[in-house]
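Undergrad: sequence and computational prediction follow.
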Amino acid sequence: MSTVITAHDWVDAAPFRAWVRQLVSDTGLPWRAIARAAGVTSATVHALLAGRNGHPVRRLRQMDGRLLLQLDHQRLTALAGEPASCDSLRALAWSLGLRGCRPVEIAEFVGVDALSIRTLMAGGPIWCSRLQLLRAEAACEAWGVDPTRVLWAGTASTPLSA
């Protein structure tokens, strides 16, 4: 018999907080990138790590906990090797640049060298991974840019082929 998990099922937050901290420590990835890679909202992970009103969060939705536990070092390594759209990464990089983020900072956020980001932003080809894209999405969030809106705008303006 399978159990159905609803949004109202809760678990103790402490082990998940420890797991996210361990992933951040081991990988050097920002917590927002961990959240995006797991499929959990940044607000959830921020509350998990920073607490609310000066107090640690004591419980977490079970489905968020499950998603966080499914993210491990192996999955992050796989994301680093999974190809992603350079057009999407380019749009996110440009959005950061338009907010005042320098190319060297964008490169650091994405996890590539500055020359690669400059090449990408100039329209040139580079190899883009899903993890780089997630890191750029996380950086956009940190800089106040909605990455979903940026990516949606890019696909909305793409002409459909006949």
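TA: Great, that's in hand.
Undergrad: quick one: residues in contact with the lowest-mean-pLDDT helix or strand in the chain.
TA: Lowest by mean pLDDT, DSSP states H and E among the helices and strands of the chain is helix 147-156, with a mean of 79. Outside helix 147-156, the residues that touch it by C-beta atoms under 8 Å, 6 or more residues apart in numbering are D87, S88, A91, L92, S95, A136, E137, C140, E141. Heads up, the C-betas are built off the backbone N, CA and C, glycines and all.
Undergrad: could you say what helices and strands the helix or strand hosting the first one packs with?
TA: In other words, D87. In this structure, D87 sits in helix 86-98 according to DSSP states H and E. When contacts are defined as 3 or more C-beta pairs under 8 Å, 6 or more residues apart in numbering; DSSP states H and E, helix 86-98 packs onto helix 103-110, helix 114-121, helix 130-142, helix 147-156.
Undergrad: which regions of this protein sit below the pLDDT cut-off?
TA: 1-7, 154-162 (pLDDT under 70).
Undergrad: okay, now P147: neighbour count?
TA: By the measure other C-beta atoms under 10 Å, the count of residues near P147 is 22.
Undergrad: over to D72?
TA: Count around D72 with other C-beta under 10 Å applied: 14.
Undergrad: once you drop chain neighbours, what's closest to it?
TA: Closest residue to D72 apart from its sequence neighbours, by C-beta to C-beta, 6 or more residues apart in numbering: L23 at 7.9 Å.
Undergrad: in stretch 20-34, what counts as buried?
TA: Residues of stretch 20-34 classed as buried by neighbour count (16 or more other C-beta atoms under 10 Å): V20, L23, V24, T27, L29, P30, W31, R32, A33, I34.
Undergrad: okay, those residues in TSV with secondary structure and distance to S129 next?
TA: Converted to TSV, these look like this (DSSP: H, G, I helix; E, B strand; the rest coil; distance: C-beta to C-beta, whole Å):
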residue	secondary structure	distance to S129
V20	helix	21
L23	helix	17
V24	helix	19
T27	helix	14
L29	coil	13
P30	coil	16
W31	helix	19
R32	helix	17
A33	helix	12
I34	helix	16
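Undergrad: looking at these, spot the one nearest P56.
TA: Distance to P56 across these (C-beta to C-beta) is lowest for V20, with 12.7 Å.
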